[in-house]
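Q: Sequence first, predicted model second:
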Amino acid sequence: MQEPDAVSPDVRRTKIVLTVGIFFDGTANNAINTTSFRQAFASDNPPPEGAQALPVTAGQSNLRGSHLGYYTNIHWLNTLYRTDLPAAEGQWQRSVYIDGIGTEAGEHDRLLDSAFGTGKRGVVAKTDKAIAAIAEILSTCFSRQPDATSWVISELQFDLFGFSRGAACARHFANRVFERDSAIVAALDQGLKGVQYQGASAGKVRFLGLFDTVAAISNATNGFNPNNADTGDVNLVLRPGVAERVFHLTAQHECRFNFALNGVKPGWPELALPGVHADIGGGYHPLEEEHCFLTRPQFVTVPLDQDDQQTEIYRLAGEELEALRGYPASAWLIANNPTQLLSWHDDRMPTDHYGTMQKRSAAAVIMRRWVRNDWAKVALRVMLDAASEAGAIFSPVGPSVAELTLPAELESLCEKAVELGRAARTGREVVGFTTQELNLLAAEYLHCSANWNEVVTNNDGSVTRAVRAGKRVAFTNRPDQRWQRTVYASDGRKM
């Protein structure tokens, strides 16, 4: 580090621990773009959640992309992170928000970067962006402090947070700090110019808070298969000493093929909460309608006068429905929400070679329901508790942030979730959620992320479109085998 400008020995130096919080958002999540979209609506044309209703297809908002999504827990953590602490008290926090993979503030999303996790808006690139932002924010902050030359920065530490691929960014960044990456050293040298610094050359990581890490790096080496332990240049391994504290919240009911979990066990504490990926990391709108296929639509050509419910594919769809009742990740969904074994057919097709009129019959299990986003607020509070325990300082989650208010029926469950988090961090055993509590969550608050694409209907409610069986690549949210998530340990071993 460079030496500060000369200071009179009579000047009393202020000793400060400087903490930089870095908040890595998830793939296709961008709080800046979300805010821009919301502000573009006049009061007489409110954003979707203002009407308290948002149609959803394929388990996600049909308002696609970062401009049209909703805020994640990464945004809320960044919002609550205290950056107004007086330096005289010896603790000074700054924050850096890094937009999600594939996104850039004010620009269109890059779909390939979002799909593969690589490129100029990929995981590694976002850690580069964070490093550049550190140098800029520190330089700016110190230039605005007239007495900064009398400060002594005794230590610089990072609080890192990430969701989904943003969690992969946070882990990769933590490893760059641990390895004294030259780019970080240079950034701190630039940002702390003119200030006396006594800490480690690349700082240290105080806390690493992760929401459901999904690296899903697709490249030629792994055959562009995101369900793979190969994360390319992204270093997810969390060795002893990489951070003072690590805490990982995972999604108990997530099971999509493209969303394999990169866990932190056995070296660090991890807690699985009920819900799917964005139930934990956030990003769903306050109220959404889900209308999707729970089984893959199957098609068969039959005589025009044959009953659609007397086909072999209809019988097989019924068997799939029974199987869904037995899979842990889907049983809760089926038991607490309206599902339907549906058959339909296209308009008549050409006759066969015997002159018999034909039709293309189809069958699948569908679900249609409304879901709220309040459970993600519980996951937020669990992470806030863990980060505060590690020393991070946040504003209280109070009535001043209306979007974070909990429904009364979730308050006791939130207390239990926070206690489960504390138990996970200390190795204690505590009683989990009751069947009654899980049924409430399943019926009202937990989304269905795994599906075989959206159900598209016409005005009379009949199905008008479903992806044909040959288009496997289109099933981006398809479930993994038997609706069971693939999980990789911190070192890449399959669990």
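A: Looks like it came in fine.
Q: most residues in a single strand of this protein, which one?
A: strand 358-372 (DSSP state E).
Q: so where do the helices sit in the stretch 151-300 of the chain?
A: 165-178, 182-191, 277-281 (DSSP state H, counting those that start in this stretch).
Q: ok now the longest one, how far from the chain's centre?
A: By that I understand helix 165-178. 15 Å (Cα atoms, centre = their mean, to the nearest Å).
Q: hmm, back to that, pipe the helices of the stretch 151-300 of the chain into CSV and attach mean pLDDT per row.
A: Shown next, in CSV, are the helices of the stretch 151-300 of the chain (pLDDT from 0 to 100):
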stretch, mean pLDDT
helix 165-178, 98
helix 182-191, 97
helix 277-281, 98
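Q: highest average neighbour count across those?
A: Highest mean neighbour count among the helices of the stretch 151-300 of the chain (mean count of other Cβ atoms under 10 Å): helix 277-281, with a mean of 30. (Each C-beta comes from the backbone N, C-alpha and C, glycine too.)
Q: Beyond the longest strand of the chain, next helix or strand please.
A: Sequence-wise, the next helix or strand beyond strand 358-372 is helix 375-390, with elements assigned using DSSP states H and E.
Q: List the residues that contact the nearest residue in space to Asn439 that is not next to it in sequence.
A: In this structure, Asn439 finds its nearest non-sequential neighbour in Asn336, 5.4 Å apart by Cβ to Cβ, 6 or more residues apart in numbering. Asn336 makes contacts with Asn439, Ala442, Ala443, as judged by Cβ atoms under 8 Å, 6 or more residues apart in numbering.
Q: Would you verify that the first one is located in a strand?
A: Pointing back at Asn439 there. No: secondary structure of Asn439 (DSSP: H, G, I helix; E, B strand; the rest coil): helix, not part of a strand.
Q: Can you tell me how far it is from His285?
A: Distance of Asn439 to His285, computed by Cβ to Cβ, to the nearest Å: 23 Å.
Q: for the last one, same thing?
A: When distances are taken as Cβ to Cβ, Ala443 and His285 turn out to be 18 Å apart.
Q: Would you check how far apart Gly263 and Pro350 are?
A: To Pro350, Gly263 is 53 Å away according to Cβ to Cβ.
Q: Between these two, which is the more surrounded one?
A: Neighbour tally, Gly263 and Pro350, criterion other Cβ atoms under 10 Å: the higher count belongs to Gly263, 24 against 7.
Q: these two touch, right, that one and Val487?
A: Yes: if you go by Cβ atoms under 8 Å, Gly263 and Val487 touch, sitting 5.7 Å apart.
Q: Between these two, which contacts overlap?
A: Common neighbours of Gly263 and Val487 (Cβ under 8 Å, 6+ apart) are Met495.
Q: what's the average pLDDT for stretch 133-140?
A: Stretch 133-140 comes out with an average pLDDT of 95.
Q: CA atoms only for that stretch, dumped as PDB, please.
A: Only the C-alpha atoms of stretch 133-140 are listed here, as PDB (Å, rounded to 0.1, in the frame of the first residue of the first chain):
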ATOM      1  CA  ALA A 133     -16.200  -1.200  -8.000                       C
ATOM      2  CA  ILE A 134     -14.200  -1.500  -4.700                       C
ATOM      3  CA  ALA A 135     -11.400   0.800  -6.000                       C
ATOM      4  CA  GLU A 136     -13.900   3.300  -7.200                       C
ATOM      5  CA  ILE A 137     -16.200   3.400  -4.100                       C
ATOM      6  CA  LEU A 138     -13.200   3.600  -1.700                       C
ATOM      7  CA  SER A 139     -11.600   6.400  -3.700                       C
ATOM      8  CA  THR A 140     -14.800   8.300  -3.800                       C
END
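Q: What residues are bridge-paired with the closest residue to Phe299 other than its chain neighbours?
A: Sequence neighbours aside, Ala362 is the residue nearest to Phe299 in space, at 4.9 Å (criterion: Cβ to Cβ, 6+ apart). Legend: beta-bridge partners of Ala362 under DSSP bridges are Phe299, Trp344.
Q: Contact partners for Ala362?
A: Pro297, Gln298, Phe299, Val300, Asp308, Ile313, Ser343, Trp344, His345, Asp346, Val463, Ala466.
Q: Which members of those are the farthest-apart pair?
A: Pairwise distances across those peak at 15.1 Å for Val300 and Val463 (criterion: Cβ to Cβ).
Q: low pLDDT regions in the stretch 351-495 of the chain?
A: Applying pLDDT under 70 to the stretch 351-495 of the chain flags the ranges 465-474.
Q: where exactly do the strands run in it?
A: 358-372, 456-457, 463-465, 487-488 (DSSP state E, counting those that start in this stretch).
Q: Ala443 and His285: which has the busier surroundings?
A: Shown here are Ala443 and His285; by other Cβ under 10 Å, His285 has more neighbours (21 against 15).
Q: Check the gap between the residue lying closest to Thr464 once chain neighbours are set aside and Asp346 for me.
A: Closest residue to Thr464 apart from its sequence neighbours, by Cβ to Cβ, 6+ apart: Asn458 at 4.9 Å. Distance of Asn458 to Asp346, given as Cβ to Cβ: 13 Å.
Q: Between the two, tell me which one has more neighbours.
A: Asp346 (14 against 9).
Q: now stretch 213-220, how far from the centre of its chain.
A: Per Cα atoms, centre = their mean, the centroid offset for stretch 213-220 relative to its chain is 14 Å.
Q: For it, list the C-alpha coordinates in CSV.
A: What follows is stretch 213-220, C-alpha atoms only, in CSV (Å, rounded to 0.1, in the frame of the first residue of the first chain):
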residue,chain,number,x,y,z
THR,A,213,-25.7,-21.8,-4.9
VAL,A,214,-26.2,-22.9,-8.5
ALA,A,215,-23.1,-22.4,-10.6
ALA,A,216,-24.6,-24.3,-13.6
ILE,A,217,-21.5,-23.5,-15.7
SER,A,218,-22.0,-24.8,-19.3
ASN,A,219,-19.0,-25.1,-21.5
ALA,A,220,-17.5,-27.4,-24.2
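Q: low-scoring pLDDT stretches of the stretch 201-350 of the chain, where are they?
A: Low-confidence segments of the stretch 201-350 of the chain, defined by pLDDT under 70: 348.
Q: show me where pLDDT drops low in the stretch 1-150 of the chain?
A: Applying pLDDT under 70 to the stretch 1-150 of the chain flags residues 1-12, 41-64.
Q: any idea how far Phe116 lies from Val234?
A: Taken as Cβ to Cβ, the span from Phe116 to Val234 is 11 Å.
Q: which neighbours do these two share?
A: With Cβ under 8 Å, 6+ apart, Phe116 and Val234 have common neighbours Ile217.
Q: Now do the residue nearest to Ala229 when sequence neighbours are not counted against Leu238, distance only.
A: Among residues not flanking Ala229 along the chain, Gly492 sits closest, at 4.1 Å (Cβ to Cβ, 6+ apart). As judged by Cβ to Cβ, Gly492 and Leu238 stand 12 Å apart.
Q: So between those two, which is more surrounded?
A: Leu238 (23 against 13).
Q: How much space separates that one from Ala168?
A: Counting by Cβ to Cβ, the gap from Leu238 to Ala168 is 12 Å.
Q: for His345, same thing?
A: 44 Å.
Q: Repeat that for Val401.
A: On the measure of Cβ to Cβ, Val401 and Ala168 end up 28 Å apart.
Q: cool, Pro399 as well?
A: Computed as Cβ to Cβ, the Pro399 to Ala168 distance reads 35 Å.
Q: Repeat that for Asn262.
A: In this view, Asn262 and Ala168 are 7 Å apart by Cβ to Cβ.
Q: Then Val20?
A: The spacing between Val20 and Ala168, counted by Cβ to Cβ, is 19 Å.
Q: go on, Asp308?
A: Using Cβ to Cβ, Asp308 is found at 45 Å from Ala168.
Q: and the closest residue in space to Thr79 that isn't next to it in sequence, what is it in contact with?
A: In this structure, Thr79 finds its nearest non-sequential neighbour in Val401, 7.4 Å apart by Cβ to Cβ, 6+ apart. Contacts for Val401 (Cβ under 8 Å, 6+ apart) come out as Trp76, Thr79, Leu80.
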